[in-house]
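1. Structure here, sequence nowhere to be found:
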């Protein structure tokens, strides 16, 4: 057997190898165009679709993040205002009177509010909490908050005492009383 | 290709759901009740009190309370740990300006196990009073008082550790008339045993 033929087809060919070449040669790769059956239709690929999907995902994620932040901010520093609109002028307690004597930048706006029969308004402001000394704006905000706090505590205390009085006091006709244990 | 697109579009839905769930859970942990739906009553009311003080405002207000004034020092101590005080009070010139559904919408938020009803006084002639507390272990971390009669509806919601005794004792200071009511500490489970 001549190895040269096997190596580079030089030299004397081996008839057996030639026969094998003929048999296997029919299976050799023959380039031809792809022919699809009639029932199969090629789908045209939209190359922008994945990009659109990614953009939509990012947009929705941003929206969700913004909503979450807003919900978080609302729960922490939600709207805070105390508005009392009395039908008749109500007596001012000493603590409030003391606050009103302090001159603030909000005096002008407050007088406008009083014209509208608004007793106390606290507008939301963004201020830093960690400042050791209060700025004028912060002080004004703090005084407004204090006033509101006193109004709220006064009402809370009053109503709590009313509940206590009613729970402990003599029952009036047609009154149902329940006092539950905690836990 | 369609399946890939469907898989991608699921992501924002999942993110959205996650956000909604986390927001709902974080809100559910705080004993704050929603009262904004009662705002429509302000138009009918002759007098309205609407107080919304969150934790930030409480902390700011504390800074201007005097330590030298005993009344203010007492309040400062009382509100130091609070996370919020929310009040809505409506007084009407005529009877029945609000309906039971308005009160029920508040009451429905005060269900067990988060809330326990401490006092419930119902009266046909006089005002109805309900006091609810939210407990965290043995400590009170939320208080809601609902008082209603024919011409008044008041809801007080305090978020954070509340000392009921001290709060009730505020009557007499800050220009609040002292009615001389004896305040008793609420019984706890251990005390009952």
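-> Thanks, I have the structure now. Since this is a predicted model, take the numbers as computed values, not measurements.
2. hey, where'd the helices end up in chain A?
-> For chain A, helices defined by DSSP state H occupy the ranges A:3-8, A:15-25, A:49-77, A:94-101, A:107-115, A:136-168.
3. Quick check: buried residues in the longest one?
-> Right, the one you point to is helix A:136-168. Across helix A:136-168, burial judged by 16 or more other CB atoms under 10 Å in any protein chain shown covers A:138-164, A:166-167. Using the backbone N, CA and C atoms, a C-beta is placed for each residue, glycine as well.
4. Same list, the helices of chain A, but as a markdown table with mean pLDDT and distance to residue B:45 please.
-> Below are the helices of chain A laid out as a markdown table (pLDDT from 0 to 100; distance: least, CB to CB, whole Å):
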| stretch | mean pLDDT | distance to residue B:45 |
| --- | --- | --- |
| helix A:3-8 | 82 | 107 |
| helix A:15-25 | 90 | 100 |
| helix A:49-77 | 87 | 25 |
| helix A:94-101 | 47 | 21 |
| helix A:107-115 | 48 | 18 |
| helix A:136-168 | 84 | 15 |
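5. okay if I get those as JSON lines plus distance to chain B?
-> Output for these, formatted as JSON lines (distance: least, CB to the nearest CB, whole Å):
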{"stretch": "helix A:3-8", "distance to chain B": "49"}
{"stretch": "helix A:15-25", "distance to chain B": "40"}
{"stretch": "helix A:49-77", "distance to chain B": "3"}
{"stretch": "helix A:94-101", "distance to chain B": "5"}
{"stretch": "helix A:107-115", "distance to chain B": "14"}
{"stretch": "helix A:136-168", "distance to chain B": "4"}
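6. Make a markdown table out of these and add distance to residue B:66.
-> Output for those, formatted as a markdown table (distance: least, CB to CB, whole Å):
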| stretch | distance to residue B:66 |
| --- | --- |
| helix A:3-8 | 107 |
| helix A:15-25 | 105 |
| helix A:49-77 | 25 |
| helix A:94-101 | 9 |
| helix A:107-115 | 22 |
| helix A:136-168 | 10 |
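7. so which of those helices gets nearest residue B:43?
-> helix A:107-115 (18.6 Å; CB to CB).
8. Need the nearest residue in space to residue A:36, chain neighbours excluded.
-> residue A:42 (7.0 Å; CB to CB, 6 or more residues apart in numbering or on different chains).
9. Surely the one you found is in contact with residue A:34?
-> No - look at residue A:42 against residue A:34 with CB atoms under 8 Å: they stay out of range, at 10.1 Å.
10. What's the mean pLDDT across stretch B:86-95?
-> Per-residue pLDDT over stretch B:86-95 has a mean of 91.
11. coming back round to it: so for residue B:33, which of the helices of chain A sits nearest?
-> helix A:49-77 (12.9 Å).
12. And the helices in chain B?
-> Under DSSP H, chain B gives helices at B:2-29, B:55-63, B:70-79, B:100-107, B:164-169, B:189-192.
13. Worst mean pLDDT among these?
-> helix B:189-192 (a mean of 44).
14. residue nearest the centroid of chain B?
-> Centroid check for chain B by CA atoms, centre = their mean gives residue B:157 as the closest residue, at 1.4 Å.
15. you'd agree that residue is up against residue B:32?
-> Yes - using CB under 8 Å, residue B:157 is in contact with residue B:32, at 6.4 Å.
16. need the longest strand for chain B.
-> The longest strand of chain B (DSSP state E) is strand B:139-149.
17. Check which residues of that strand are buried.
-> So strand B:139-149, judged by 16+ other CB under 10 Å, has buried residues B:140, B:141, B:142, B:143, B:144, B:145, B:146, B:147, B:148, B:149.
18. can you check stretch B:83-98 too?
-> B:83, B:84, B:85, B:86, B:87, B:88, B:89, B:90, B:91, B:92, B:97, B:98.
19. which ones are touching the last one?
-> With contacts defined as CB atoms under 8 Å, 6 or more residues apart in numbering or on different chains, residue B:98 is in contact with B:38, B:41, B:44, B:90, B:92, B:148, B:153.
20. Give me the pLDDT for it.
-> With respect to pLDDT, residue B:98 scores 89.
21. Burial check on residue A:134, number of neighbours?
-> A total of 16 residues lie near residue A:134 under the criterion other CB atoms under 10 Å in any protein chain shown.
22. Identify the residues contacting it.
-> A:142, B:63, B:64.
23. With distance to residue A:55 added, can I get these in a markdown table?
-> As requested, the contacts of residue A:134 are exported to a markdown table (distance: CB to CB, whole Å):
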| residue | distance to residue A:55 |
| --- | --- |
| A:142 | 46 |
| B:63 | 47 |
| B:64 | 50 |
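24. which among the residues you listed gets closest to residue B:71?
-> residue B:64 (13.8 Å).
25. before we move on, the earlier item: mutual contacts of residue B:157 and residue B:32, please.
-> Joint contacts of residue B:157 and residue B:32 (CB under 8 Å, 6+ apart) are B:84, B:86, B:142.
26. Could you measure from the first one over to chain A?
-> In other words, residue B:84. 8 Å (CB to the nearest CB, to the nearest Å).
27. Name the nearest residue to that residue, sequence neighbours excluded.
-> Using CB to CB, 6+ apart, the closest residue to residue B:84 is residue B:159 (4.1 Å).
28. can you check the last one too?
-> Here the nearest residue to residue B:142 in space, its sequence neighbours aside, is residue B:31; by CB to CB, 6+ apart that works out to 2.7 Å.
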